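*Asks:* mind looking at a prediction? Sequence and model below.
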Amino acid sequence: MNVFLEKLVTTQKKNNTLICVGLDSDIEKIPEHLKDFDDPVYEFNRAIIDSTKDMCCAYKPNLAFYEALGPRGLETLKKTILHLPMEIPIILDAKRGDIGNTAKKYAESIFDDLEGDAVTLSPYLGYDSIEPFLEYKEGFVFVLAVTSNKSAADFQYLDCNGKPLYMHVVETVQKWNKDKNIGLVVGASQPEQILEIRKVAPDLPFLIPGVGAQGGDLDKAVDYGTRNDGIIVISISRGILYASDGEDFAEKAAETLEQFNLRIRQME
């Protein structure tokens, strides 16, 4: 089994959870009392991690929230990654997608510099934009198939020879998966698509965002995604991070995460 997947499955069993905490840590949304610190976003992340590390299966920092802070934001991201327990996998939500030589540098950044375990990528430029990441055999790639945002239909739902474009992505990704180090991002806002894609791609791991603040159906996402013993990661960011804007923010985040966990366990 791929190193990332082995790490993920081990953590899922140990912590009895399918939920990944998305570290979309927005300087404008973190509690006011943290802004007196030299690095308020790191202090926020540190507290969130300490309160949830025994209750989640992965962490998913979204690079945009760190890149927007400039060089200091990247240092915050690196400190955050160093604070994460080594046994818990890190999915770097970058959604990169560029020509081969640029993709190679992006892959070096993700896997060598930041030492991520997995990354999210856009497939729009085709295989040579994905290949440099797949060359990291111990790493893992989640390719965007169908997403939960309002404008997803602009391209993803276009009819291409009798099927939506996202299904062509699913079928093509399966052909790319020679080293078993690639999966799909499948949003939870239209859960029937999770079932549809699971039937076509029974062996591909799914990263499922859209539960929580985006209103995706957690119960159906878990039911449909885990059919055929499918591996899934339910990613929740805002719905956990901002459960409170007071000094109890980390405690409330953990309580909210556990509520999601309990809902999933009740389905078993």
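*Replies:* Received it, and whenever you're ready, just let me know what you need.

*Asks:* make it CA atoms for all contacts and neighbour counts henceforth
*Replies:* Fine.

*Asks:* could you list the buried residues of stretch 134-146?
*Replies:* Of the residues in stretch 134-146, those buried by neighbour count under the rule 16 or more other CA atoms under 10 Å are 134, 136, 138-146.

*Asks:* now the end-to-end length of it.
*Replies:* Length of stretch 134-146, first residue to last, CA to CA, to the nearest Å: 20 Å.

*Asks:* now it, how far from the centre of its chain.
*Replies:* The gap between where stretch 134-146 is centred and where its chain is centred comes out at 12 Å by CA atoms, centre = their mean, to the nearest Å.

*Asks:* please tell me how far the closest residue in space to Asp98 that isn't next to it in sequence sits from Ala94.
*Replies:* Residue nearest to Asp98 in three dimensions, not counting chain neighbours: Ser129, with 5.3 Å by CA to CA, 6 or more residues apart in numbering. Counting by CA to CA, the separation of Ser129 from Ala94 is 13 Å.

*Asks:* between those two, who's got more neighbours?
*Replies:* When Ser129 and Ala94 are compared for neighbours, Ser129 comes out ahead with 24 against 18, by other CA atoms under 10 Å.

*Asks:* that one sits in which helix or strand?
*Replies:* Using DSSP states H and E, Ser129 sits within helix 127-134.

*Asks:* got the contact list for whichever helix or strand comes after that helix?
*Replies:* As assigned by DSSP H and E, the chain's next helix or strand after helix 127-134 is strand 140-146. Applying CA atoms under 8 Å, 6 or more residues apart in numbering, the set of residues contacting strand 140-146 from outside is 2, 4-5, 95, 117-123, 133-134, 152, 156, 166-167, 169-170, 173, 181-187, 206-207.

*Asks:* what strands line up against the lowest-mean-pLDDT helix or strand in the chain, and which way round?
*Replies:* The weakest-scoring helix or strand in the chain, judged by mean pLDDT, DSSP states H and E, is strand 159-160 (a mean of 91). Within its sheet, and counting by DSSP bridges, strand 159-160 is paired with strand 163-164 (antiparallel).

*Asks:* what distance separates the partner strand from the centre of its chain?
*Replies:* The chain centroid and the centroid of strand 163-164 are separated by 25 Å, computed with CA atoms, centre = their mean.

*Asks:* next one: the next helix or strand after that strand to chain centre, how far?
*Replies:* Tracing the chain C-terminally past strand 163-164 and defining elements by DSSP H and E, one meets helix 165-176 next. Here helix 165-176 is found 19 Å from its chain centre; the criterion is CA atoms, centre = their mean.

*Asks:* now the angle between strand 140-146 and the helix or strand following helix 165-176, please.
*Replies:* Tracing the chain C-terminally past helix 165-176 and defining elements by DSSP H and E, one meets strand 182-186 next. Orientation of strand 182-186 against strand 140-146 (axes from the mean of the first three to the mean of the last three CA atoms, to 10 degrees) gives an angle of 30 degrees.

*Asks:* strand 182-186 - contacts with which helices or strands?
*Replies:* For strand 182-186, the contact count by 3 or more CA pairs under 8 Å, 6 or more residues apart in numbering; DSSP states H and E identifies strand 140-146, helix 165-176, strand 206-208 as packing neighbours.
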